[in-house]
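Undergrad: structure of the sequence below:
(2 chains)
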2 protein chains.
Amino acid sequence: MSPPRGPLAQLRRGHEQLVLGLLRKHGPLSRGELGKRCGLSRTTLYDILASLVASGTVVAASQQDAPRGRGRPAETLTLNPDAGQAIGIDFARRGLHVAAVNVAHEVVGAVSEPHDADLPWERRVELAERLVGSLTGTGSGALRLGALDAIGVGVVGPVTGPVTGPDASAEGGDAPAADGPAPHPVQLLLRERFGVPVLLDNNTRLAALGEAIWGAAAGEQDVLYLRLSHGVGGGLVIGGSLHRGTQGLSGEFGHITVEPGGARCECGGTGCLETVASIRAVLDAYRAVGGRADDVAQLAKSVTAGDTPALTLLEDVGTKIGAVLAAVCNTIGPGVIVIGGELTETGEALMRPIERALHDHVMPVSRHLLSLRRARLGEVAGALGGIALVLHESPLLSRYPAGPDLAKDPTMTPSRHP
Amino acid sequence: MSPPRGPLAQLRRGHEQLVLGLLRKHGPLSRGELGKRCGLSRTTLYDILASLVASGTVVAASQQDAPRGRGRPAETLTLNPDAGQAIGIDFARRGLHVAAVNVAHEVVGAVSEPHDADLPWERRVELAERLVGSLTGTGSGALRLGALDAIGVGVVGPVTGPVTGPDASAEGGDAPAADGPAPHPVQLLLRERFGVPVLLDNNTRLAALGEAIWGAAAGEQDVLYLRLSHGVGGGLVIGGSLHRGTQGLSGEFGHITVEPGGARCECGGTGCLETVASIRAVLDAYRAVGGRADDVAQLAKSVTAGDTPALTLLEDVGTKIGAVLAAVCNTIGPGVIVIGGELTETGEALMRPIERALHDHVMPVSRHLLSLRRARLGEVAGALGGIALVLHESPLLSRYPAGPDLAKDPTMTPSRHP
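TA: Okay, here's the model as predicted:
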């Protein structure tokens, strides 16, 4: 899946993008019309078109699409609506989320199903296959597995290996590349079942990408996304692209120290933001002061009822979160901060202290330049980010304009299986 | 200076880069040889070559450069060594630094001169003109002002306006564009004297770019640069490019809170890193515990002499710096951290606690992935970064490979005027 590099290969991708862009913008065009509009030499254009037709990306349009004129009309070419479909799957800690788009970047469907945290990978992939199957209904919008281009996958925890999975063109394909780290087990399992490339990244980073393309920060170029869930993490979109960092370790806001010498964190450090702002940390702290809540929904109820210990706790947690966000903002100067994750269900009791501490600690000159927003895509954000990963990595689609037109329905809510 | 956008303009720049890259790599080539190597149509290639010749970027090579053969040899084309020269000027707080390169990216010269902190802009620009003049000597390597392409300028403080100055093609050129913020005064003054576009950015960010291209992090793609000087600031190179943030406010590490409710900072906040780690803050703190030092050199002497209050102070300052660096590293996952500025003259007494605190607070999984280095370019880093700014912004040179081959002499030390 890794496209060839070098100026000539880049130029060829530029030519392909130009041709695909013209077909997207103008609909079916003849070779002659394409030639006039793209400015490429006949040889170059025909060569590009031959490979696009061979890959099934472009097909001959049916006769009624062709412009009327005298004599036999010239054959016109159009984007193949059945080609280049992409699936995103978020293998979250306690549930699976699947979303799919067609080559025109229309969301074909999205579906979620919860499961136990200890469900083994084989079972998760079976579940994924079933959920994908539920999207392959009938009708023009349905997913056609034969047209599947690639799968973008989000997983929990740091992803330091390569984004691309085992080489899709290799026979068998499940031997790790000799010159790189081994692929993630889920890449091998999905590759085996679907026979297409499987791209992988951290699911929180993918949620950041999803929110920046389809969600609360749609159309923004520089986005800081923080997720307050069972873990605390995030992602950065910089100049419209997901930032991974040298070793895939960017966006680890949950492991910024907020209490030097504080509680031991899963990462091996102490006093990390995650040790005070994860769901478990917050619920434990609430119970320690006599509160009763088994989950965030119950904590949110206490907040709504005006319970003082709950409000004081969230004030403290929000203040620490805001201070970390301010440090991050001084570092990278984002335009928009998006806060997601279940803990945001506690509403303004958490958001207000976050905003206040952010305001107190960020450089005064930046204060009015920041926009703090709650996430909009909910649990399907990571799966949509997986799709974006596929579109960005695809040599044909990597520079397609991203933005609101990717999703026809921005308020899309996924159906939920029993 | 702002190049036209859109896929066709991008494609054209891609073609220009391809042609320029071939001439850089192979030396003089005939049109026919260029055609064979670049794969462009004859029409496209001749069109590109005509505009490159018209702009003076490419010239006909002299006869002896042409390959020998039967009959009249075909005219060959080559990069114009007199074209596309660029100057970088760092208008630092207490001194001026100038550097220059030719179109082949060879450093023609670098020169510095100190001045009072309150020198007005007009006098600074006069001084700049004199220093530039000192680089226009004789000989093949000398700067020819007629061939000057653009000037890249670094200034102190946040730069939130546009990088490009007044429109170079406009008559007069010193009226601010109707649709954007006014240019910086130094952009107007320099534009008046040199008649070329003047690109501007924060000089600390430019020093980051300089170190990432020519200095301690040459060839690295993800670099965190921190400067400990009269102010405390820095810059981020992400994916090989200087990161500016939405409003030009990235890299403000000096304004990350390290002492909540601490001393008032120039930025309007309190307890910022700058309030404990700037030169003045450190010297004040040293004097407060009975130490004697009027500048960093004297403090460094006390350190060398084993003065306990000096060592204890630097231990504390270094620990705070390291904790901030760890937060930044968890955010963006750089591969290399470069520390510059005069305070690093205190050596290991400062670097050791920085390294220790960084190690203690960064995610354990990233510890072994980080490389902490001292800056190498010294005071000329910002001026070299200004040149990089010009090369990056130039429509012709923006995607030239950056790296060690930009500077023939990596250990270059600038000459210093009396």
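
Undergrad: ok and the residue in the stretch 101-250 of chain A nearest chain B?
TA: A:Gly245 (2.3 Å; CB to the nearest CB). In this view, the C-beta of every residue, glycine as well, is placed from N, C-alpha and C.

Undergrad: and that residue, that one's in a helix?
TA: No. Looking at A:Gly245 with DSSP: H, G, I helix; E, B strand; the rest coil, it is coil, so not inside a helix.

Undergrad: pull the contacting residues for it.
TA: Counting by CB atoms under 8 Å, 6 or more residues apart in numbering or on different chains, A:Gly245 touches A:251, B:222, B:332-334.

Undergrad: show me where pLDDT drops low in the stretch 151-300 of chain A?
TA: A:160-181 (pLDDT under 70).

Undergrad: which residues of it lie near chain B?
TA: A:158, A:160, A:221-222, A:236, A:238-239, A:243-253, A:255-257, A:260, A:267-269 (CB under 8 Å from any CB of the partner chain).

Undergrad: generate a ChimeraX selection restricted to the buried subset of these.
TA: To isolate the buried subset of those in ChimeraX, counting by 16 or more other CB atoms under 10 Å in any protein chain shown, use the following:
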select /A:158,160,222,236,238,243,244,245,246,247,248,249,250,251,252,253,255,256,257,267,269
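
Undergrad: how close does the nearest residue to A:Leu11 once chain neighbours are set aside sit to A:Gly245?
TA: Spatial nearest neighbour of A:Leu11, chain neighbours left out: B:Gly14 (5.3 Å); criterion: CB to CB, 6 or more residues apart in numbering or on different chains. Between B:Gly14 and A:Gly245 the computed distance is 28 Å (CB to CB, to the nearest Å).

Undergrad: A:Ala216 too?
TA: In terms of CB to CB, A:Ala216 sits 23 Å off from A:Gly245.

Undergrad: if we can go back for a sec, so which of the residues of the stretch 151-300 of chain A next to chain B sit within strands?
TA: A:236, A:238 (DSSP state E).

Undergrad: A:Cys272 contacts A:Arg264, doesn't it?
TA: No. With contact defined as CB atoms under 8 Å, A:Cys272 does not count as touching A:Arg264 (9.2 Å).

Undergrad: what's around the nearest residue to A:Arg292 once chain neighbours are set aside, how many residues?
TA: If the residues on either side of it in the chain are set aside, A:Arg292 comes closest to A:Gln298, at 7.3 Å by CB to CB, 6+ apart. Using other CB atoms under 10 Å in any protein chain shown, A:Gln298 has 15 other residues around it.

Undergrad: ok, now A:Val155?
TA: 24.

Undergrad: residues of the stretch 301-418 of chain A that sit close to chain B?
TA: A:323-324, A:326-328, A:330-335, A:360-366, A:369.

Undergrad: let's go with 7 Å and repeat that
TA: A:323, A:326-328, A:330-335, A:361, A:363-366, A:369 (CB under 7 Å from any CB of the partner chain).

Undergrad: out of those residues, which are buried?
TA: A:323, A:326-328, A:330-335, A:361, A:363, A:365-366, A:369.

Undergrad: nearest to B:Arg193, of those residues?
TA: Checking those against B:Arg193 by CB to CB gives A:Val365 as the nearest, at 30.3 Å.

Undergrad: list the contacts of that closest one.
TA: Shown in contact with A:Val365 (CB atoms under 7 Å, 6 or more residues apart in numbering or on different chains): B:158, B:249, B:267.

Undergrad: what's the closest of those residues to chain A?
TA: B:Leu249 (4.0 Å).

Undergrad: thought A:His368 was touching the closest one, still the case?
TA: No. In this structure, B:Leu249 is not within contact of A:His368 by CB atoms under 7 Å, at 11.5 Å.

Undergrad: phi, psi of A:Arg130?
TA: When read as degrees, to the nearest 10, the backbone of A:Arg130 gives phi -70, psi -40.

Undergrad: now do it, the pLDDT please.
TA: In this model, A:Arg130 is scored at 92, pLDDT.

Undergrad: repeat for the one 10 residues further on
TA: In this model, A:Ser140 is scored at 45, pLDDT.

Undergrad: likewise A:Pro404?
TA: pLDDT, A:Pro404: 27.

Undergrad: any low-confidence regions in the stretch 1-150 of chain A?
TA: Ranges of the stretch 1-150 of chain A meeting pLDDT under 70: A:1-10, A:13, A:24-25, A:62-73, A:81-84, A:102-106, A:136-147.

Undergrad: so where do the helices sit in it?
TA: A:7-26, A:31-38, A:42-54, A:121-135 (DSSP state H, counting those that start in this stretch).

Undergrad: so which of those helices is nearest B:Arg123?
TA: It is, among the helices of the stretch 1-150 of chain A and with distance given as CB to CB, helix A:7-26, at 45.6 Å.

Undergrad: care to break chain A down by domain?
TA: A:7-79, A:85-205+A:380-416, A:217-375 (automatic domain parsing).

Undergrad: which parts of stretch A:92-111 are buried?
TA: So stretch A:92-111, judged by 16+ other CB under 10 Å, has buried residues A:92, A:95-103, A:105, A:107-111.

Undergrad: repeat for stretch A:221-241
TA: Those would be A:222-238, A:240-241, for stretch A:221-241 by 16+ other CB under 10 Å.

Undergrad: which of the domains of chain A sits most buried?
TA: Ranked by mean neighbour count, those are led by domain A:217-375 with a mean of 21 (mean count of other CB atoms under 10 Å in any protein chain shown).

Undergrad: run the chain-centre distance for it.
TA: 20 Å (CA atoms, centre = their mean, to the nearest Å).
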